[in-house]
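K.L.:
quick one, structure for this:
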Amino acid sequence: MDLAQSREENFGKESHLLRNQIINEYLPYVKRIVNRIAVHLPATIEVDDLINVGIIGLIQAIERYDPTRDNKFITYAVFRIKGAVLSELRSRDFLGRTTRKKIRDLEKAYLNLEQKLGREVADEEVADEMNMDLEQFYKVKRMSSISFVSFEEIGYASRNDTATLSRSMANGNADDALSLTTMKEIKSTIAKNIDLLPEKEKLVVSLYYSDELTMKEIGEVMNVTESRVSQIHAQAIIHLRGKLRRDGLLEA
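P.N.:
Here you go, the predicted structure:
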């Protein structure tokens, strides 16, 4: 074995060890991201499978991160981890077409009744509007909170858009700049619709997506049960997705 080959093999071993160290260091972030998503998913979805997908996203972040760009590794890693998990969930289409239609009908029923009555409506009123008994209604409503994935995917909580947009324009990357401008417009629309939510729903959305508190932590802040926070969250997502669909940002 010549000296160059020996150095190359040693470098390969060192790189492998360094990558494993980084994976171990950031594994808690993978688990936290997955657990935040999994709390809304059916029990049939294996959390360990999603953690493995998240680790793949972390490895991609390690391999593709460019330290010369103006962002921290953890910011880029979270983006890659979350993206990998959401892509996996999309590919599985775990909700199914029939359930998705029921969720859309639920969102439309809420919006139509609230516009007609000019106030917040009770679950019983919406169930009656949809010709459902309450047991069926609550099943669909629970499933609707799973569709938060699309909201998470839009990335309401990201705080780096302006800086990234400026860099893309400065670098002459028109495609990136156009894409980021569109994303900025989407987030602006989301922010306006969030402001229209009832106060409790607005608070839950802010604490969950911006401050990244868990449902349990939000319950402690609001002095309500974790289950109640989950209900408020589901209601907020129904309202938001209905409004975003009305504005043409989600599929009708």
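
K.L.:
going along the chain, name the helices of this protein.
P.N.:
Taking DSSP state H as the criterion, the chain contains helices spanning 3-38, 47-64, 73-92, 97-117, 123-129, 134-144, 148-154, 161-170, 174-195, 199-205, 215-222, 226-246.

K.L.:
identify the residues contacting the fifth one?
P.N.:
In this case it means helix 123-129. For helix 123-129, contacts defined as Cβ atoms under 8 Å, 6 or more residues apart in numbering pick out 106, 109-110, 112-113, 133-134, 136-138, 141. In this view, the C-beta of every residue, glycine as well, is placed from N, C-alpha and C.

K.L.:
just the buried subset of those, please.
P.N.:
Restricting the contacts of helix 123-129 to buried positions leaves 106, 109-110, 113, 137, 141, with burial counted as 16 or more other Cβ atoms under 10 Å.

K.L.:
grab the two from those residues that are most spread out in space.
P.N.:
Across the buried ones among the contacts of helix 123-129, the longest distance by Cβ to Cβ is 14.2 Å; it joins 113 and 141.

K.L.:
and the pLDDT for the residue nearest to residue 23 when sequence neighbours are not counted?
P.N.:
Spatial nearest neighbour of residue 23, excluding adjacent residues (Cβ to Cβ, 6 or more residues apart in numbering): residue 58 at 6.1 Å. Looking at residue 58, its pLDDT stands at 92.

K.L.:
what is the neighbour count of residue 58?
P.N.:
Using other Cβ atoms under 10 Å, residue 58 has 24 other residues around it.

K.L.:
can you give me the distance of residue 71 to residue 98?
P.N.:
Remark: distance between residue 71 and residue 98 (Cβ to Cβ, to the nearest Å) = 41 Å.

K.L.:
neighbour count winner among the two?
P.N.:
residue 71 (15 against 8).

K.L.:
isn't the residue nearest to residue 23 right up against residue 30?
P.N.:
Yes: with contact defined as Cβ atoms under 8 Å, residue 58 reaches residue 30; the gap is 5.8 Å.

K.L.:
overlap in contacts, these two.
P.N.:
residue 81.

K.L.:
domain ranges for the protein?
P.N.:
Annotated domains of the chain cover 1-94, 95-252 [automatic domain parsing].

K.L.:
still on that earlier bit, show me the contacts for the residue nearest to residue 23.
P.N.:
Counted by Cβ under 8 Å, 6+ apart, residue 58 has contacts 22-23, 26-27, 29-30, 77, 80-81.

K.L.:
greatest separation within the residues you listed: which pair is it?
P.N.:
The span of the contacts of residue 58, defined through Cβ to Cβ, is set by 27 and 80 at 14.0 Å.

K.L.:
re earlier: which of the buried ones among the contacts of helix 123-129 lies closest to residue 93?
P.N.:
residue 106 (18.6 Å).

K.L.:
contacting residues for that closest one?
P.N.:
Residue 106 sits next to 126, 130, 137, 140-141, 144, 238 when contact means Cβ under 8 Å, 6+ apart.

K.L.:
now for residue 100, how many residues are close by?
P.N.:
15.

K.L.:
pLDDT score for it?
P.N.:
Here the pLDDT value assigned to residue 100 is 79.
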